[in-house]
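S.K.: here are the coordinates; sequence isn't available:
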């Protein structure tokens with residue numbers, strides 16, 4: 001299939017457990033998503049990405065799948081899913097699902113059989129290794145703390161799990177495993193889904209010699225990235241997946257690719273290589289990392305953010321394709337992270353949306369982003385649900401001997417639960433998400449920040465996102481224009497252009513909480529074109545393009561010049 005509908009699309013990510021509870025059990029469900037489809041249609045999105053709905057013990061919020069062919073009863077039934085697919089398609093909204101095939105749950109039948117003695121074929125569905133001098137085969141540290149290796153006394157070997165010990169890694173070197181995965185993918189595609197977001201897909205191929213990893217960021221164990229990311233056969237596997245499955249369907253594919261730079265991003269997304277449409281990279285999510293990784297109290301530098309985003313814009317231009325995102329289920333809320341979640345919450349939210357949506361690529365909106373939801377500050381550690389929080393707290397307080405206060409501040413800033421608090425629909429109790437106590441507490445600011453209020457306010461963030469989506473469909477330059485960064489050294493203003501033979505798009509975004517005077521270094525060129533058309537701005541009285549612009553706190557403006565008026 002050669003269709004590229006996904007280049008003009010905007011994707012909305014739904015975290016089902018926290019979206020809307022239709023049956024009042026405290027947890028979101030498929031019927032809840034169906035009830036809110038008209039809301040998403042009003043926003044104007046084209047695609048919904050669903051986090052995992054499959055059968056799972058939920059050790060890692062559904063990313064530990066025990067049966068790829070079954071819907072988790074907590075979310076509903078397969079009939080409910082079929083109804084969601086039908087109702088979405090009737091509204092011209094496509095559905096993509098999470099594909100989690102680097103690992104399964106330890107409750108999957110394959111893994112249960114792999115532990116049986118004597119050995120059977122399922123042992124080779126996973127990665128089992130003998131001890132090395134009486135200890136783990138490598139020094140790799142798991143994403144959730146501790147070693148990536150778990151010992152089985154009866155078998156006398158270790159199995160690999162890059163994430164929780166309940167998430168054993170599949171052995172992609174085994175062609176039988178790959179065929180099982182392809183069969184499962186066809187099952188869902190034949191149902192009519194419109195593509196996949198592929199979880200940690202850059203980790204499928206491990207280096208055959210399993211080298212020890214570098215010890216970084218004050219950790220005791222080494223990074224598994226040195227032996228497990230962008231491995232020697234990962235592109236071979238994805239090309240095979242494309243040939244055997246994906247090429248037969250008109251779908252969107254986006255791979256989550258940890259530890260991947262822009263040059264590697266081209267390899268994954270170059271259409272001539274027949275692998276994926278695009279990838280999620282993490283480099284812009286690392287600009288505020290520090291001594292303790294993401295749980296550091298470091299602030300970001302705008303020049304670092306510019307460098308990362310610019311490199312991806314430039315290197316993938318006319319070669320691959322970008323995915324554009326600020327938020328997802330694994331990241332803190334962007335307004336709290338890169339904006340101002342107090343006085344300038346809405347204004348900085350509009351600025352951040354402007355910056356991202358005028359770049360080249362497919363934008364992803366995470367649920368609640370369009371109304372300006374913020375980080376949550378739960379007072380007690382026990383208020384959190386995410387496995388990563390508890391492992392992080394233990395690591396910070398026990399291994400690094402840091403205070404409880406430091407650990408809690410770090411968790412408030414970067415916990416994955418920041419993104420997972422229930423969607424704030426109204427000022428009713430429990431934010432209108434449910435009529436009973438939710439699985440995870442709602443953010444206490446829901447009376448002020450909710451969908452109901454956003455829809456009543458014509459200047460709300462919701463309608464700003466709606467406008468951005470409309471502009472993407474109206475102006476081809478947003479899809480095709482060549483990106484150029486200007487004022488690269490500014491730590492307060494992000495200024496870039498997009499250009500075609502006929503037009504130039506000017507995007508100016510302030511990251512400052514003060515009024516800023518800003519000189520347009522290319523104004524003499526812009527002044528030769530026809531009068532600028534204001535496409536969008538934070539303020540209704542947004543000033544016209546001039547050699548010197550006066551930008552209010554967190555102001556963002558985008559202007560379009562027609563070169564034909566030169």
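M.R.: Nice, I can see it. In this text the structure is predicted, and so the values were computed from the model without any measurement.
S.K.: what score does the spatially most central residue of the chain have for pLDDT?
M.R.: By CA atoms, centre = their mean, the chain has its centre lying nearest to residue 328, at 4.0 Å. In the predicted model, residue 328 carries a pLDDT score of 97.
S.K.: also the one 4 residues further on?
M.R.: Looking at residue 332, its pLDDT is 96.
S.K.: which elements pack onto the lengthiest helix in the chain?
M.R.: Identified as the longest helix of the chain according to DSSP state H is helix 175-191. Contacts defined by 3 or more CB pairs under 8 Å, 6 or more residues apart in numbering; DSSP states H and E place helix 175-191 against strand 67-71, helix 234-244. To be clear about C-beta, it is placed using only N, CA and C from the backbone, and glycine gets the same treatment.
S.K.: quick check: which of the ones you listed is buried the most?
M.R.: helix 234-244 (a mean of 18; mean count of other CB atoms under 10 Å).
S.K.: who touches that one?
M.R.: Helix 234-244 is contacted by residues 172, 178, 181-182, 185, 201-202, 204-205, 255, 267-268, 273-276 when judged by CB atoms under 8 Å, 6 or more residues apart in numbering.
S.K.: 10 Å - rerun?
M.R.: The list of residues contacting helix 234-244 from outside it, by CB atoms under 10 Å, 6 or more residues apart in numbering, reads 99, 101, 172-173, 175, 178-179, 181-183, 185-186, 196, 198, 201-206, 228, 231, 233, 246-248, 253, 255, 257, 264, 267-268, 273-276.
S.K.: so how do I select the buried members of those residues in PyMOL?
M.R.: Buried residues within the contacts of helix 234-244, by 16 or more other CB atoms under 10 Å, are selected in PyMOL with:
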select buried, resi 99+101+172+178+181+182+185+196+198+201+202+203+204+205+206+228+231+246+253+255+257+264+267+268+273+275+276
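S.K.: of the contacts of helix 234-244, which belong to strands?
M.R.: When these are checked against strands (DSSP state E), the matches are 99, 196, 198, 253, 255.
S.K.: shaky segments in this protein?
M.R.: Filtered on pLDDT under 70, the chain yields the residue ranges 1-2, 217-218, 538-544, 565-566.
S.K.: from the chain's centre, how far out is stretch 415-422? Work that out for me.
M.R.: 13 Å (CA atoms, centre = their mean, to the nearest Å).
S.K.: can you give me the strands for the stretch 351-500 of the chain?
M.R.: Counting by DSSP state E, counting those that start in this stretch, the stretch 351-500 of the chain has strands at residues 362-366, 482-486, 493-499.
S.K.: same for the last one, what does it pack against?
M.R.: Looking back up the chat, that one is strand 493-499. helix 302-316, helix 345-357, helix 477-480, strand 482-486, strand 503-510, strand 516-519, strand 548-551, strand 556-562 (3 or more CB pairs under 10 Å, 6 or more residues apart in numbering; DSSP states H and E).
S.K.: the third one: which residues count as buried?
M.R.: Okay, so that is helix 477-480. By 16+ other CB under 10 Å, the buried positions in helix 477-480 come out as 477-479.
S.K.: with the fourth one instead?
M.R.: By neighbour count, with 16+ other CB under 10 Å as the criterion, the buried positions of strand 482-486 are 483, 485-486.
S.K.: tally of neighbours for residue 220?
M.R.: The burial count assigned to residue 220 is 11, neighbours taken as other CB atoms under 10 Å.
S.K.: do the same with residue 170
M.R.: Residues near residue 170, counting by other CB under 10 Å: 23.
S.K.: a strand runs through residue 536, doesn't it?
M.R.: Yes - Residue 536 forms part of a strand when assessed by DSSP: H, G, I helix; E, B strand; the rest coil.
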